[in-house]
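> Sharing a model that was predicted from the sequence below.
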Amino acid sequence: KAGVTQTPRYLIKTRGQQVTLSCSPISGHRSVSWYQQTPGQGLQFLFEYFSETQRNKGNFPGRFSGRQFSNSRSEMNVSTLELGDSALYLCASSHGRANEQFFGPGTRLTVL
Amino acid sequence: KNQVEQSPQSLIILEGKNCTLQCNYTVSPFSNLRWYKQDTGRGPVSLTIMTFSENTKSNGRYTATLDADTKQSSLHITASQLSDSASYICVVSPTSGTYKYIFGTGTRLKVLA
């Protein structure tokens, strides 16, 4: 069974631009969560989607948004990029909301 | 405030040696505690998961322990290998509250030949 896949793996953007990251969960998994990871802060929860509905949201500004499609694939969008948005963005999927999460390899975003 | 703190922040050991990583948490009550291994530039991979009632869980050379009274967990790595060089993250799942997972900031382990 294929693992969680994230595209693109690496991305370079400039301040003020916007970016869309994609996550394909493990087949059969319906819950997708997004995290931001920076060296100083560790893993920070962004949001969780289940059955196309956002179920939980972390403490991030409205520039960060996401959605989930009927096939459970998810996208997250960051608008008006800031230098501080440079990070590894991780997606994790699970069968249900209470099941173990499996992480993807992440998307490394660099904002110049 | 629910917190998970890990120590040390970083650790360097020689190949073949043992080491122990610590995780102190204030999350209570919680349903389970996980240890993840994260290689540089990759996503975390689960090593062990313990419910609040378990004391120890092993996965090969990795052994996690949990003391719910002192709110401490440790990850012991036996006979370290170069491939153990990674970050190790402790994650606690509270039974209530906004967040399903509270992450520690990790311990960065470097194993030298």
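Okay, I see it.
> which SS class is the residue of chain B found nearest chain A?
Using CB to the nearest CB, the single residue of chain B nearest to chain A is residue B:43, 3.3 Å away. Yep, even glycine has a C-beta here, placed from its N, CA and C like the rest. At residue B:43, secondary structure determined by DSSP: H, G, I helix; E, B strand; the rest coil is coil.
> what about it, distance to residue A:19?
According to CB to CB, to the nearest Å, residue B:43 and residue A:19 sit 19 Å apart.
> who has more neighbours, those two?
Ranked by neighbour count (other CB atoms under 10 Å in any protein chain shown), residue B:43 and residue A:19 place residue B:43 first, with 22 against 18.
> The more buried one and residue A:99, how far apart?
17 Å.
> Can you confirm whether stretch A:49-56 lies near chain B?
Yes: using CB under 8 Å from any CB of the partner chain, stretch A:49-56 reaches chain B at residue A:56.
> Tell me where chain A has strands.
For chain A, the strands defined by DSSP state E occupy A:5-7, A:10-13, A:19-24, A:31-38, A:42-50, A:53-57, A:64-68, A:74-78, A:87-94, A:102-103, A:107-111.
> Show me what the longest one is packed up against.
Think strand A:42-50. strand A:31-38, strand A:53-57, strand A:64-68, strand A:74-78, strand B:102-103 (3 or more CB pairs under 8 Å, 6 or more residues apart in numbering or on different chains; DSSP states H and E).
> Of all these, which one comes closest to residue A:86?
Of all the helices and strands packed on strand A:42-50, it is strand A:31-38 that lies closest to residue A:86, at 7.7 Å by CB to CB.
> Can you give the contact residues for that closest one?
Here strand A:31-38 makes contact (CB atoms under 8 Å, 6 or more residues apart in numbering or on different chains) with A:23, A:25, A:43-50, A:55-56, A:60, A:66, A:68, A:72, A:74, A:76, A:86-97, A:99, A:101, A:106, B:100.
> Can I get the strands of chain A in CSV including mean pLDDT?
Shown next, in CSV, are these (pLDDT from 0 to 100):
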stretch, mean pLDDT
strand A:5-7, 97
strand A:10-13, 96
strand A:19-24, 98
strand A:31-38, 94
strand A:42-50, 91
strand A:53-57, 90
strand A:64-68, 96
strand A:74-78, 97
strand A:87-94, 95
strand A:102-103, 94
strand A:107-111, 97
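> In CSV: these, plus distance to residue B:69.
Rendered in CSV, the data for those read as follows (distance: least, CB to CB, whole Å):
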stretch, distance to residue B:69
strand A:5-7, 40
strand A:10-13, 45
strand A:19-24, 39
strand A:31-38, 30
strand A:42-50, 26
strand A:53-57, 30
strand A:64-68, 39
strand A:74-78, 40
strand A:87-94, 30
strand A:102-103, 31
strand A:107-111, 41
